[in-house]
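*Asks:* Got a sequence here, can you model it:
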Amino acid sequence: MKFDSIFIANLSEIARPIAHLMEKKEAKFEIHEDHYLCDRFLFSDEKNRILVTPYLIDKDFYDFNKKIIGFKHLINLSPKKIGESICESIIKDKELFEKLIILIKNNPKIRLISYSTTEEFTKLVKLLRKCNLVFQTPDMPEFGQEWTGPFFDSKAGFRQSVYNLKGNFPEIPDGMICDGIVEVIAWAEYFLKKYKGCVIKSNRGLAGAGLKIIKIDQIKNNDIKTYLTNILKEKYWSKDLVVVEKYIESNKKISGGSPNVELKINEKGVETLYFCGMRVSDEGVFQGIEVGLGALPLYVKKNLRQPAIKFGQFLKSAGYKGFFELDWVYGLDGKLYSIEANLRRTGGTHVYEIAKVLLGDDFQNKYYVTATNIQVAPKLKNKSFNEVKNILNDILYPIQGKKKGVIITIFSYLKFGKLGYIVIGKNKKETLEIEKIFLEKI
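*Replies:* The predicted model follows:
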């Protein structure tokens with residue numbers, strides 16, 4: 001059997017820098033949560049591929065979805081023992097490492113790809129190159145340029161990059177890059193007094209970890225400085241750079257207040273993949289996306305497209321290659337504010353990729369798709385996939401053979417009472433109606 005790619009599900013490697021600045025229990029939870037979230041990569045990339053995940057995906061869940069999405073030639077592998085990093089675990093697992101060598105030898109020019117070009121993934125690539133293997137890394141910067149991902153992905157790196165675009169980029173929230181807890185508290189106090197709200201971001205924070213949204217009305221009995229001192233005790237506020245910026249009140253009526261665009265840089269240039277509205281909690285935690293017909297007003301898409309391409313061209317000139325996206329806030333003042341960039345696949349990439357497979361390349365003009373990556377599902381906790389399938393049978397994709405319904409994308413996390421999902425419908429109304437029925441069932 002011939003394979004087109006090997007996908008390394010290295011989600012946890014992005015979390016390691018901030019996890020190492022957490023308490024031991026919190027760090028372990030952060031890493032292993034990311035391991036469980038790797039189920040979603042079942043829905044990514046090529047049909048004919050090897051998918052290497054931290055844990056083997058549940059067989060019934062795996063077999064059912066392979067059939068639904070038509071990925072017949074998909075093999076799931078995992079290391080015998082998983083640590084913080086899947087790439088490091090692959091290297092330590094001699095049997096798995098040798099198996100990858102054989103697969104690459106038998107599939108000349110196979111693509112080796114990952115969630116993100118991390119230091120650990122780069123090390124794995126270099127070791128495989130030393131074995132005189134011929135394979136492609138299309139989403140990876142050239143050797144020597146790997147620094148570009150971590151730099152521009154950081155909160156401070158993004159802010160500095162935007163300054164370098166010299167007026168060719170929309171407004172970003174008023175803010176400062178701080179080094180040390182004294183500066184963080186001082187600038188947070190300044191923005192709270194001036195704007196009545198601020199956002200504090202750890203340089204390597206992600207998906208809500210290392211993020212505080214503070215409004216002046218939260219501070220009652222304590223003075224501002226005391227309040228900030230009490231809530232900023234985690235090491236990552238004092239052991240790394242921190243960005244403190246003005247809090248922008250979003251207009252939830254426009255794409256949930258958080259429009260987004262994801263792009264990809266390759267040899268040809270900067271390619272726009274999709275626009276979406278992000279599902280973000282009041283605490284600023286990313287939960288999922290809404291993409292498709294009507295997800296963003298046309299004028300918002302227009303206002304996002306050019307700045308995103310310009311930013312991508314800047315990244316490309318610095319040597320970056322691969323996926324990236326820009327997060328925005330649509331303010332109550334009617335302005336768009338760019339707040340950060342993520343230089344990797346995202347929590348929405350698999351949604352875009354599987355929607356293209358099931359619905360066609362032009363799905364954004366014909367369907368409406370919602371997705372949530374971590375949804376509390378107490379009614380399903382500890383149930384087998386076949387039990388879950390029976391409970392949800394009438395709303396699972398494809399409902400009565402039509403291109404609509406629910407797809408469970410993350411099942412492993414259900415042992416903790418949470419799962420991930422996608423809902424597909426012909427329009428926003430139908431999709432949200434199916435999603436409502438689904439949420440009532442779980």
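*Asks:* Tell me the buried residues in stretch 236-255?
*Replies:* For stretch 236-255, burial by neighbour count (16 or more other C-beta atoms under 10 Å) applies to 236-238, 240-248, 250-251, 254-255. Placement of C-beta: from N, CA and C, glycine included.
*Asks:* Those: which two are farthest apart?
*Replies:* Across the buried residues of stretch 236-255, no pair lies farther apart than S238 and I254, at 36.5 Å, counting by C-beta to C-beta.
*Asks:* who does the strand or helix carrying F7 touch, helix- and strand-wise?
*Replies:* Per DSSP states H and E: F7 is located in strand 5-8. When contacts are defined as 3 or more C-beta pairs under 8 Å, 6 or more residues apart in numbering; DSSP states H and E, strand 5-8 packs onto strand 49-52, helix 86-92, helix 94-106, strand 110-114.
*Asks:* Can you check what angle separates whatever helix or strand comes next after that strand from strand 110-114?
*Replies:* Moving toward the C-terminus from strand 5-8, the next helix or strand (DSSP H and E) is helix 12-19. If you take axes from the mean of the first three to the mean of the last three C-alpha atoms, to 10 degrees, helix 12-19 sits at 30 degrees to strand 110-114.
*Asks:* C-terminal to helix 12-19, what's the next element?
*Replies:* Following helix 12-19 in sequence order, the next helix or strand is helix 24-36 (DSSP H and E).
*Asks:* could you give me the average pLDDT of that next one?
*Replies:* Taken as a whole, helix 24-36 has an average pLDDT of 92.
*Asks:* State the distance from G322 to N76.
*Replies:* 23 Å (C-beta to C-beta, to the nearest Å).
*Asks:* my bad, should have said Q306
*Replies:* Distance, Q306 to N76, using C-beta to C-beta: 40 Å.
*Asks:* between these two, which one's more packed in?
*Replies:* Neighbours around Q306 and N76, counted as other C-beta atoms under 10 Å, are more numerous at N76. The numbers are 18 against 12.
*Asks:* Sheet partners, orientation included, of the helix or strand harbouring that one?
*Replies:* In this assignment (DSSP H and E), N76 forms part of strand 74-77. Here strand 74-77 is paired, per DSSP bridges, with strand 49-52 (parallel).
*Asks:* after the strand it pairs with, next one along is what?
*Replies:* Per DSSP H and E, the first helix or strand lying C-terminal to strand 49-52 is helix 59-69.
*Asks:* which residues touch stretch 430-439?
*Replies:* Stretch 430-439 is contacted from outside by 292, 367-370, 375, 392, 395, 399, 404-406, 421, 423-425, using C-beta atoms under 8 Å, 6 or more residues apart in numbering.
*Asks:* and T118, what does it touch?
*Replies:* By C-beta under 8 Å, 6+ apart, T118 lies in contact with 10, 13-14, 85, 87, 149.
*Asks:* That one and E267, how far apart?
*Replies:* As judged by C-beta to C-beta, T118 and E267 stand 22 Å apart.
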